[in-house]
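>>> Structural data only, the sequence is not supplied:
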Ligand SMILES: Nc1nc2c(ncn2[C@@H]2O[C@H](COP(=O)(O)OP(=O)(O)O)[C@@H](O)[C@H]2O)c(=O)[nH]1
Ligand SMILES: [Mg+2]
């Protein structure tokens with residue numbers, strides 16, 4: 001079901017992915033200094049929220065704790081799942097280590113099957129290239145049916161293109177929502 005986005009509501013973007021793939025570095029690149037950290041209600045798990053400003057618009061970015069799958073084992077995974085399925089962000093950035101794409105892609109598919117609007121962020125492209133490997137981004141994008149954004153969050157490479165993609169996805173007149 002689709003409904004009209006509330007014009008005054010700030011769209012929310014949730015960052016998810018395995019531990020150690022660069023989620024927090026990405027979070028800080030997107031938000032800069034507008035950040036608050038608080039425990040997720042009823043838990044001791046810390047969640048950071050920040051504001052991304054781009055082309056005169058504001059977007060709330062949420063840095064979730066790491067998760068390996070949508071079937072939670074740890075408290076962190078339970079919180080990530082709750083933010084994803086209960087708080088229902090407008091957009092999900094699934095951050096993966098590009099070197100380990102094959103191992104991480106199943107979570108992308110799980111997220112999409114759960115109805116989340118996903119952008120796949122291929123981070124650590126520097127290490128992939130250093131290993132003499134490459135990924136055919138266009139082919140991956142087509143097969144997956146979701147946008148794919150290659151990044152090196154450490155240097156900021158690809159961040160502007162990702163911001164543009166987030167902007168394009170979330171400022172369309174008619175936002176897709178899951179009901
Ligand atoms: N080589 C490389 N290292 C990165 C990149 N992005 C993040 N890192 C490093 O990866 C480690 C984990 O990053 P972090 O943001 O804490 O991961 P998180 O656990 O997913 O939040 C840190 O040491 C970062 O400096 C990248 O694009 N290239
Ligand atoms: Mg982190």
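Done, it's in. All figures in this text were calculated on a predicted structure; none of them were measured in a lab. Ligands and ions are numbered 1, 2, ... in the order given.
>>> Tell me who's in contact with residue 140.
With contact set as CB atoms under 8 Å, 6 or more residues apart in numbering, residue 140 has these partners: 120, 148. Where you see a C-beta, it was placed from the backbone N, CA and C, and this is true even at glycine.
>>> On the C-terminal side of the helix or strand containing it, identify the next helix or strand.
Per DSSP states H and E: residue 140 is located in helix 137-144. Next helix or strand after helix 137-144 toward the C-terminus (DSSP H and E): strand 148-150.
>>> that older thread, how about the helix holding residue 140: buried residues?
Using 16 or more other CB atoms under 10 Å as the test for burial, helix 137-144 gives 137, 140.
>>> Check whether stretch 72-84 comes into contact with ligand 2.
No - using CB under 5 Å from the ion, stretch 72-84 stays clear of ligand 2, coming no nearer than 9.8 Å.
>>> Give me the distance between residue 90 and residue 75.
Plainly put, residue 90 is 25 Å away from residue 75 if you go by CB to CB, to the nearest Å.
>>> more crowded one of these two?
Using other CB atoms under 10 Å as the criterion, residue 90 and residue 75 rank with residue 90 on top: 22 against 13.
>>> neighbouring contacts of the longest strand along the chain?
Longest strand of the chain, by residue count under DSSP state E: strand 46-54. For strand 46-54, contacts defined as CB under 8 Å, 6+ apart pick out 10, 13, 24, 27-28, 30-32, 34-40, 58-65, 79, 83, 163-164, 166-167.
>>> Pull up the pairing partners for the helix or strand following it, direction included.
Counting by DSSP H and E, the next helix or strand C-terminal to strand 46-54 is strand 57-63. With DSSP bridges as the test, strand 57-63 is paired with strand 12-16 (parallel), strand 46-54 (antiparallel).
>>> looking at these, which is buried most?
Looking across the strands paired with strand 57-63 with neighbours counted as mean count of other CB atoms under 10 Å, the highest average goes to strand 12-16: a mean of 23.
>>> Next up, identify which helix or strand residue 161 is on.
helix 159-170.
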